[in-house]
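[1] mind looking at a prediction? Sequence and model below.
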Amino acid sequence: MSKHVPIIEVHFKSLLEHAERMKVMFGGFQWYGSPVAPGLPQSNLLNGEMFYSAGDFLDTLREMQIYCIRHPNDHGLDHALIYVFDGRDERPKFHHYLWKPHMGATMERVDYGQAVPDDFYARHAFEALMSQRKPVKVSTVVNAALKRVRGDMGADGTDDAHRAALRSAVAAFINTNPLVHSQRVDSLKNPHGGYTMVEHLGIYDKEPKWLK
Amino acid sequence: MAEVIELDFAAHEPQLTHEAQAAFDRWRVPLDDLLYGSRKAGDWAWAGELTYRINAVRRMCRKLSQPVSHEHMRIVLDALSETVPTADLDVAKLIATAAERV
C-alpha cells in the first residue's frame, strides 16, 4: 500500500486511464481536518491513503470510525473524501463519496448534478456535459447545449451568439472544474489543426458495485 | 439530498474465537494509544501506517480456517509484532519524536 499519497484532482483522468489499462480497481481516502478558514472545507489535508480492494477500504474506514468513537471530542477529523477508480468492466467507472465521523457505517455519494451553475449558458453547458456517455468534441457539447438553450428561450437570439457564449462556458469548465477533462486531438482535416474532446468524469459515477 | 450508501463492515470481517478476539484486543491496546498520540501530534501519515499494520491481522486471519483459533491468532500476532513495536513501548517518547518530525 502506498502511503501519504494525496489524490490530486488534476490526476483523476490519468488514474482512471491507468485503472482501465490494468483492469484493476483502486481508490483513495483523503482525510481532512477542520478547515483553516471558514468556507474552505478542503484546506486542511491530514493524510492520503490508497486502497486496492473493497476489504481494504472497509478495514481502513472501520478503524477510523472506531478511533472517532473512542475520542468523540478530540479526534481531529472533519471529513473524508473517497475516490474509486474501477477499470475492471468495459467502461471505466469513477466514484466519489463523502464520509463524516457521525455517519458511521454509511457514506454519501457526491452528487455532481447538484453542482449546477447559476449562469444561464454555464447551466445548459453543464447539463449537456452531464448527459453524455463518453468524451465528445467541444462542438458536439455546444450543439447539444444549444438545443437546450433553444428549448428554454424559443427563437430568441442568433445561433452564433448562443454558440459563442456556450463555447466560452465550456472553456471555463475545462479550465476551472477538475472533473471536466479535456484532450486536444491533432487532425489535419480540421481547419484549426485539431479539436478538443471533453467529458465530465461524473458521467462514470454509477452504482457502487465495486463494494461487492 | 445526496444518496446514502450503507456499508457492511461485517462483510469481510474474519471470524475469531472468543479467546482469539481477546488476544487481538489486548495486543492492539498500546497501538491504539500510539495512534491517538501520533494523530494528536499531527502525524496522520504515521497513524495511517499503523492502522494498516493493525489491519494486517484481519488480512491474515481471512486466509486462515474460520473461526480463527487462539493458537493461530498467537502466530499471527507474533509474526506482526516483529514489524510493529509493541513490547516495551515508550509511547510518550514516540509521540515526542512524532511532534518533532511535524
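    Good, I have the coordinates. Predicted model only: the values in this text are computed from it and were never measured.
[2] now do the contacts for the residue nearest the centre of chain A.
    Per C-alpha atoms, centre = their mean, the C-alpha nearest to the average position across chain A is that of A:L179, at 4.0 Å. For A:L179, the contacting residues are A:E9, A:F12, A:Y112, A:H200, A:L201, A:G202, by C-beta atoms under 8 Å, 6 or more residues apart in numbering or on different chains. Where C-beta positions appear, they are placed from N, C-alpha and C, glycine not excepted.
[3] same thing but at 10 Å, please
    A:9, A:12-13, A:94, A:96, A:110, A:112, A:115, A:129, A:173, A:199-203, A:205 (C-beta atoms under 10 Å, 6 or more residues apart in numbering or on different chains).
[4] gap between it and A:P135?
    In this view, A:L179 and A:P135 are 13 Å apart by C-beta to C-beta, to the nearest Å.
[5] next: A:D156.
    Distance from A:D156 to A:P135, by C-beta to C-beta: 31 Å.
[6] neighbour count for these two, which is higher?
    Between A:D156 and A:P135, counted using other C-beta atoms under 10 Å in any protein chain shown, the more crowded position is A:P135 (18 against 10).
[7] that one contacts A:Q183, correct?
    Yes: contact criterion C-beta atoms under 10 Å: A:P135 and A:Q183 qualify, at 7.1 Å.
[8] what do the two both touch?
    Common neighbours of A:P135 and A:Q183 (C-beta under 10 Å, 6+ apart) are A:K13, A:T196, A:M197, A:V198, A:E199.
[9] nearest residue to the middle of chain B?
    B:I54 (2.1 Å).
[10] using PDB, list the CA coordinates for the lengthiest helix in chain B.
    The residue-count maximum for a helix in chain B (DSSP state H) belongs to helix B:18-40. Coordinates of each C-alpha in helix B:18-40 appear next as PDB, following Å, rounded to 0.1, in the frame of the first residue of the first chain:
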ATOM      1  CA  HIS B  18     -13.600 -15.600  21.800                       C
ATOM      2  CA  GLU B  19     -10.000 -16.100  23.000                       C
ATOM      3  CA  ALA B  20      -8.600 -15.000  19.700                       C
ATOM      4  CA  GLN B  21     -10.600 -11.800  19.800                       C
ATOM      5  CA  ALA B  22      -9.500 -11.100  23.300                       C
ATOM      6  CA  ALA B  23      -5.800 -11.700  22.300                       C
ATOM      7  CA  PHE B  24      -6.200  -9.300  19.400                       C
ATOM      8  CA  ASP B  25      -7.900  -6.600  21.600                       C
ATOM      9  CA  ARG B  26      -5.100  -6.900  24.200                       C
ATOM     10  CA  TRP B  27      -2.400  -6.800  21.500                       C
ATOM     11  CA  ARG B  28      -3.700  -3.600  20.000                       C
ATOM     12  CA  VAL B  29      -4.100  -1.500  23.200                       C
ATOM     13  CA  PRO B  30      -0.600   0.100  23.000                       C
ATOM     14  CA  LEU B  31      -1.100   0.600  19.300                       C
ATOM     15  CA  ASP B  32      -4.300   2.500  19.900                       C
ATOM     16  CA  ASP B  33      -2.600   4.700  22.400                       C
ATOM     17  CA  LEU B  34       0.100   5.300  19.800                       C
ATOM     18  CA  LEU B  35      -2.500   6.100  17.100                       C
ATOM     19  CA  TYR B  36      -4.200   8.600  19.300                       C
ATOM     20  CA  GLY B  37      -0.800  10.200  20.300                       C
ATOM     21  CA  SER B  38       0.600  10.500  16.800                       C
ATOM     22  CA  ARG B  39      -2.700  12.000  15.500                       C
ATOM     23  CA  LYS B  40      -2.700  14.400  18.400                       C
END
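[11] residues of the helix or strand following it that come out buried?
    Counting by DSSP states H and E, the next helix or strand C-terminal to helix B:18-40 is helix B:44-62. Of all the residues in helix B:44-62, those buried under the rule 16 or more other C-beta atoms under 10 Å in any protein chain shown are B:44-52, B:54-61.
[12] over to A:R88: give its phi and psi.
    The phi/psi pair for A:R88 (degrees, to the nearest 10) reads phi -80, psi -20.
[13] from A:K212, how far out is it?
    With the distance defined as C-beta to C-beta, A:R88 ends up 12 Å from A:K212.
[14] ok, these two, which is more surrounded?
    A:R88 (14 against 8).
[15] residues contacting the more buried one?
    Taking C-beta under 10 Å, 6+ apart, one finds A:A19, A:E20, A:M22, A:K23, A:V24, A:M25, A:K209, A:W210 in contact with A:R88.
[16] restricted to helices, list the residues you listed.
    Per DSSP H, those map to helices at A:A19, A:E20, A:M22.
[17] and the closest residue to the first one other than its chain neighbours, how many neighbours does it have?
    The shortest distance from A:A19 to any non-neighbouring residue, by C-beta to C-beta, 6 or more residues apart in numbering or on different chains, is to A:G87 (3.3 Å). Under the neighbour criterion other C-beta under 10 Å, A:G87 is assigned a count of 21.
[18] right, I'll call it a day here.
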